[in-house]
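**Student:** kindly return the folded structure for what I paste below:
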Amino acid sequence: MDRITFHHDTVLSDMHMLLPNARHLMTRLNSVGQPVFISKFKILSVGERPDGDDPDKGVPEAGGGHKRKEEDKKVRKDIQSQDGEEGGEGDEEPFLDEDGDLHITHRPRRNFTEGSGRDLVCPIILQQADPEREPEEEQSEDEEDQAFHDILKIEHTMATTLEDVGKQVWRGAFFLADFILSSADLFRGATVLELGAGTGLTSIVVATICKTTFCTDVGEDLLSMCKKNVTLNRHLTEAAGGDARVRQLDWLQYDLCTDADVEFSWTEEEVEDLYSNTEIIIAADVIYDDDLTDGLFRTLYRLCSSFSHSCSIFISIERRMNFTLRNMDVSCDAYKHFSRCLSQLQALQDGRCSFTVERLPADFSQFFLYERIEQLELWKVTSTPLPSERPPPGSACCSSVNNEPPPHVTIQSSC
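**Tutor:** Sure, this is the predicted structure:
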């Protein structure tokens, strides 16, 4: 396979299209026949992070530092000097070619030479793995990557249907990861649950700070990919003393599977740990389908109403505007539904727990290379238990996650 085939129902993440100097290496086909790629993402150091206050500053190209800025200034001076030689103030008539068309003086191109400190950007979308490559070479490359503690290796697919978008890497995951790294003290030593983890990128990042991370999603193929990514980056999490565990948690079902014969099932000890110690729940870019949004909020309610302690929930979301025939205008129906769910959750009164909702400012540092657009938002939901009789954590009631809101609460049927 040397190219991506697009269909009418294909969805492709911006992260796979806009990564500069990125080469997506196809490694294998997964169990359902989808091509799997592997990409490397660098955690930016202080000198490499974008500076939003100065438009001339930005993430330097690989090996280039800020030379591009200096070269661009030199090019502008060259153009100005050429303009001065030809007419100075530009008051002469424009030059026309033999057909009478306006002749445009293009910006001069610079030849890339060895030692210039800049990489030649090649328009390679993807590259197929070499079948003749020796296993020893692959092993040596893995060892080389593990020598760096600022590189994440993530397996993912590209151009999937909407049902499989969890297998791609999305901008919201980096946005939430930025917040986690910027607020390390908040996550340090905590037990964290991620809902809809997808490829597991955000779980891997938080596992470098917290004590235990339950990285959850649904689907054997997706969970297998997520587990592979946790393994690929184990040198990062283990060095920090973190433990990332991939487990199945379906928002549309009530039970946590504890059958030891089922892959990605929970142990009784993990269920007890989940309900006794989970202080933080995270979810990145999971708002795109109303039914799944309903399932997400029902799951949040069932979990938090079983906790005997407060819990902070962080949800990153990207508002995606689309033109709809229903409205004959550009709108974001998924975001409107999400907002209604937040409002109803905050207004919920059932005697079990209370919820507060706030939108957090997006002024935290950027640790990954992506376009932080204004449509990215970060929301914090705080659940506080109310005095009442509760089942002990890890009991049969808790393992079933079967605490439904009372019948009058609309969040039970649709948010």
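
**Student:** all contacts plus neighbour counts: C-alpha atoms, from now on.
**Tutor:** Will do.

**Student:** who's Met26 bridged to?
**Tutor:** Beta bridges link Met26 to Phe37, Gln128, judged by DSSP bridges.

**Student:** that one touches Val36, doesn't it?
**Tutor:** Yes: proximity of Met26 to Val36 meets the contact threshold set by CA atoms under 8 Å, at 5.7 Å.

**Student:** mind checking the SS state of the closest residue to Leu232 other than its chain neighbours?
**Tutor:** Nearest non-adjacent residue to Leu232, counting by CA to CA, 6 or more residues apart in numbering: Lys153, 6.4 Å away. What DSSP: H, G, I helix; E, B strand; the rest coil gives for Lys153 is strand.

**Student:** so who does Lys153 touch?
**Tutor:** Ile38, Ser39, Lys40, Phe41, Asn229, Leu232, Asn233 (CA atoms under 8 Å, 6 or more residues apart in numbering).

**Student:** quick one: which of those residues sit in helices?
**Tutor:** Asn229, Leu232 (DSSP state H).

**Student:** using CSV, lay out the contacts of Lys153 together with distance to Asp178 and neighbour count.
**Tutor:** Conversion of the contacts of Lys153 to CSV gives the following (distance: CA to CA, whole Å; neighbours: other CA atoms under 10 Å):
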residue, distance to Asp178, neighbour count
Ile38, 21, 16
Ser39, 18, 17
Lys40, 16, 16
Phe41, 13, 16
Asn229, 19, 21
Leu232, 20, 18
Asn233, 18, 21
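
**Student:** so where do the helices sit in the stretch 301-415 of the chain?
**Tutor:** Along the stretch 301-415 of the chain, the stretches classed as helices by DSSP state H, counting those that start in this stretch are 333-346, 396-399.

**Student:** out of those, flag the one nearest Leu292.
**Tutor:** Minimum separation from Leu292 across the helices of the stretch 301-415 of the chain (CA to CA) falls at helix 333-346, 10.4 Å.

**Student:** show me what counts as buried in the closest one.
**Tutor:** Residues of helix 333-346 classed as buried: Asp333, Ala334, Tyr335, His337, Phe338, Cys341, Leu342, Gln344, Leu345, Gln346 (neighbour count, 16 or more other CA atoms under 10 Å).

**Student:** in a markdown table, list the residues you listed along with distance to Cys353.
**Tutor:** Shown next, in a markdown table, are those (distance: CA to CA, whole Å):
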| residue | distance to Cys353 |
| --- | --- |
| Asp333 | 29 |
| Ala334 | 26 |
| Tyr335 | 25 |
| His337 | 22 |
| Phe338 | 20 |
| Cys341 | 16 |
| Leu342 | 15 |
| Gln344 | 14 |
| Leu345 | 10 |
| Gln346 | 10 |
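
**Student:** kindly reformat those as JSON lines and extend each row with distance to Asp290 and pLDDT.
**Tutor:** Shown next, in JSON lines, are those (distance: CA to CA, whole Å; pLDDT from 0 to 100):
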{"residue": "Asp333", "distance to Asp290": "9", "pLDDT": "91"}
{"residue": "Ala334", "distance to Asp290": "6", "pLDDT": "93"}
{"residue": "Tyr335", "distance to Asp290": "9", "pLDDT": "95"}
{"residue": "His337", "distance to Asp290": "7", "pLDDT": "96"}
{"residue": "Phe338", "distance to Asp290": "8", "pLDDT": "97"}
{"residue": "Cys341", "distance to Asp290": "10", "pLDDT": "97"}
{"residue": "Leu342", "distance to Asp290": "13", "pLDDT": "97"}
{"residue": "Gln344", "distance to Asp290": "15", "pLDDT": "96"}
{"residue": "Leu345", "distance to Asp290": "15", "pLDDT": "96"}
{"residue": "Gln346", "distance to Asp290": "18", "pLDDT": "96"}
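
**Student:** now name the helix or strand holding Glu269.
**Tutor:** Assigned by DSSP states H and E, Glu269 belongs to helix 268-277.

**Student:** residues near the residue nearest to Cys353 when sequence neighbours are not counted, how many?
**Tutor:** Using CA to CA, 6+ apart and skipping the chain neighbours, the partner closest in space to Cys353 is Pro385 (4.1 Å). By the measure other CA atoms under 10 Å, the count of residues near Pro385 is 19.

**Student:** cool, and Glu358?
**Tutor:** Glu358: 12 surrounding residues under other CA under 10 Å.
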